[in-house]
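Trainee: Sequence plus predicted model, see below.
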Amino acid sequence: MKLLFDQNLSPRLVQRLADLYPDSQHVSFLGLDQADDRILWQYAEQNHFTVVTRD
C-alpha cells in the first residue's frame, strides 16, 4: 500500500514508515501542498495512493 500524507501531517512520517510503506509520499514532496482537496484525491486515485489526513 502506498500512503499519501496530507499537508496537516509531518513530512517526516514518510521516512519513519518507509519500512512498512516504502512507496509513500507527502504532498509537499510532490508540489501538492497547496492543491485543492479534489486535486489531491484525484492524484491519489490515479497513482494508487491511500490518503492519510487529520481533517
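Mentor: Nice, I can see it.
Trainee: low-scoring stretches of the chain, by residue?
Mentor: Of all residues in the chain, none has pLDDT under 70.
Trainee: where does the residue sitting furthest away from the middle of it land in three-state SS?
Mentor: The outermost residue of the chain, judged against the average C-alpha position, is D19 (15.9 Å), by C-alpha atoms, centre = their mean. Secondary structure for D19, judged by DSSP: H, G, I helix; E, B strand; the rest coil, is coil.
Trainee: mind pulling up the phi and psi values for it?
Mentor: The phi and psi values for D19, taken as degrees, to the nearest 10, are phi -70, psi -40.
Trainee: Might you report the residue contacts of it?
Mentor: Contacts for D19 (C-beta atoms under 8 Å, 6 or more residues apart in numbering) come out as none. Placement of C-beta: from N, CA and C, glycine included.
Trainee: Tell me which residues touch the closest residue to L30 other than its chain neighbours, please.
Mentor: Excluding the flanking residues, the one nearest L30 by C-beta to C-beta, 6 or more residues apart in numbering is Y43, at 7.4 Å. Neighbouring residues of Y43 by C-beta under 8 Å, 6+ apart: L4, L30, L32, A35, F49.
Trainee: Surely Y43 is in a strand?
Mentor: No. Judged by three-state DSSP, Y43 forms no part of a strand; its state is helix.
Trainee: Neighbour-wise, which one of the contacts of Y43 leads?
Mentor: L4 (25 neighbours; other C-beta atoms under 10 Å).
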